[in-house]
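Visitor: Sharing a model prediction with you, sequence too.
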Amino acid sequence: MKLGLVALHLVFIVFLFVCDGEFIEKTKRDPWYMASYLLLFSVTLLQYFVTSGSSPGYVIDAMRERRQQHGSRINGSFVINVEGESASSGGGRRTPSSSWGKLVLDLYPPGTSLRNLTCGYCHVEQPPRAKHCHDCDRCVLQFDHHCVWLGTCVGQKNHCKFWWYICEESALCIWTLIMYIDYLTNVAKPWWKNAITILLLVVLVISMIFVLLLLLFHSYLILTNQSTYELVRRKRIPYMRNIPERVHPFSRGIKRNLHNVCCGNHTLDSLPTAFELEDRARPYTCLDMLKCRCC
């Protein structure tokens, strides 16, 4: 998949170099133009490989970091004991014996059982917004989706990298489209070159529309602190079923949402209280607009 994506990028640029003599002349006259395009081309591919090789933020890694902070190291290796829980004698709530289990339980409302928070596949306690990815076979923090083009999940730690990649890909598609339209309208060429150009233009336009829509969609998700999984499967997530659809339970305002994503503030989100949900469900007034409540 990665080789196919790189090859598709190369096809568009190689075609212009091979078939458009005037394009080469323009490059010689204005070397800065082609240098800028090649720079964007290289940065886009570099960002693609950086994003595909990055970790989305796995729950198991967060557990190791948590135990490292608390000095849970034995003979240089971390001990992950998910089964180390003791049942209370009261209402059946299980009391966690590990620091990670206590941390996860504190993120949920009082009365939540740790048994219900344990993943049935990798047997780790899932904080809010985490989900098990069957393709990666791991639980991912703030799971968004598994991207087949990247070959990895998009989650808490690489959502910003993914946004920058589709942003650069959008700019590259628009620039390439401009060059192809200029080539198609201003250069006399054989019919077979016209046919290839039109075919590549159709592929380019479809790709550009898809990438632009993806960019707008993920920009909205970042500004409202949502994930694709939470937006699409909202009614199937137990702790989000009773929350009104227009309420974003994890949003802290546009500025803080952007800061958390762009500046690497990878804290675990706790479920909002009933008072916080009621406040976020309150309709906006003119005074709220003046106070920039959404920010």
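Guide: Arrived safely. Just so it is clear, the structure is predicted and the values come from calculations on it, not from any experiment.
Visitor: Leaving out sequence neighbours, find the closest residue to Thr224.
Guide: Once flanking residues are discounted, Thr224 sits nearest to His248: 4.6 Å by CB to CB, 6 or more residues apart in numbering. The way it works is simple: take the backbone N, C-alpha and C, and place the C-beta from them, glycine included.
Visitor: helix/strand/coil for the one you found?
Guide: coil (DSSP: H, G, I helix; E, B strand; the rest coil).
Visitor: burial of it, as a residue count?
Guide: Residues lying near His248 (other CB atoms under 10 Å) number 19.
Visitor: what do you get for Val11?
Guide: There are 11 residues near Val11, going by other CB under 10 Å.
Visitor: That one against Leu200, yeah?
Guide: Yes. Assessed by CB atoms under 8 Å, Val11 is found in contact with Leu200 at 7.4 Å.
Visitor: So for Val6, what's the pLDDT?
Guide: The per-residue pLDDT reported for Val6 equals 90.
Visitor: Quick one: residues contacting it.
Guide: Leu45 (CB atoms under 8 Å, 6 or more residues apart in numbering).
Visitor: how close does it get to Ser52?
Guide: For Val6, the distance to Ser52 equals 11 Å [CB to CB, to the nearest Å].
Visitor: Let me see the ranges of the strands in the protein.
Guide: Taking DSSP state E as the criterion, the chain carries its strands at 73-74, 77-78, 85-87, 94-96, 131-133, 138-140, 145-147, 152-154.
Visitor: Could you identify which of these has the lowest mean pLDDT?
Guide: Lowest mean pLDDT of these: strand 85-87, a mean of 40.
Visitor: Output the longest helix belonging to this structure.
Guide: Longest helix in the chain by number of residues, with DSSP state H as the criterion: helix 191-224.
Visitor: Next one: the residue nearest to Thr224 from Arg66, what distance?
Guide: 27 Å.
Visitor: Any stretches of the protein with poor pLDDT?
Guide: Across the chain, the ranges flagged by pLDDT under 70 are 20-21, 71-97, 187, 284, 286-295.
Visitor: For the most centrally placed residue in it, give its distance to Ala274.
Guide: By CA atoms, centre = their mean, the mean C-alpha position of the chain lies nearest to His159, the distance being 3.1 Å. Taking CB to CB as the measure, His159 falls 28 Å from Ala274.
Visitor: And Tyr58, by the same measure?
Guide: The value you get for Tyr58 to Ala274, if CB to CB is used, is 31 Å.
Visitor: ditto for Ser219
Guide: Ser219 sits at a distance of 30 Å from Ala274 (criterion: CB to CB).
Visitor: And the two? Which one has more around it.
Guide: Ser219 (13 against 8).
Visitor: Now for the closest residue to that one other than its chain neighbours: which residues touch it?
Guide: Counting by CB to CB, 6+ apart, the nearest residue to Ser219 once its immediate chain neighbours are dropped is Trp163, at 7.2 Å. Applying CB under 8 Å, 6+ apart to Trp163 gives the contacts Leu215, His218, Ser219, Ile222, Val261.
Visitor: Tell me where the stretch 51-200 of the chain has helices.
Guide: In the stretch 51-200 of the chain, the helices defined using DSSP state H, counting those that start in this stretch lie at 59-69, 99-106, 159-186, 191-224.
Visitor: other SSEs contacting the longest one?
Guide: Right, the one you point to is helix 191-224. If you count contacts as 3 or more CB pairs under 8 Å, 6 or more residues apart in numbering; DSSP states H and E, helix 191-224 packs onto helix 2-19, helix 159-186, helix 228-232, helix 254-262.
Visitor: on that earlier part again, dump the helices of the stretch 51-200 of the chain into TSV; add distance to Asp137 as well.
Guide: Formatted as TSV, the helices of the stretch 51-200 of the chain follow (distance: least, CB to CB, whole Å):
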stretch	distance to Asp137
helix 59-69	11
helix 99-106	20
helix 159-186	21
helix 191-224	25
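Visitor: what residues are up against Met208?
Guide: Going by CB under 8 Å, 6+ apart, Met208 touches Ser170, Cys173, Ile174, Leu177.
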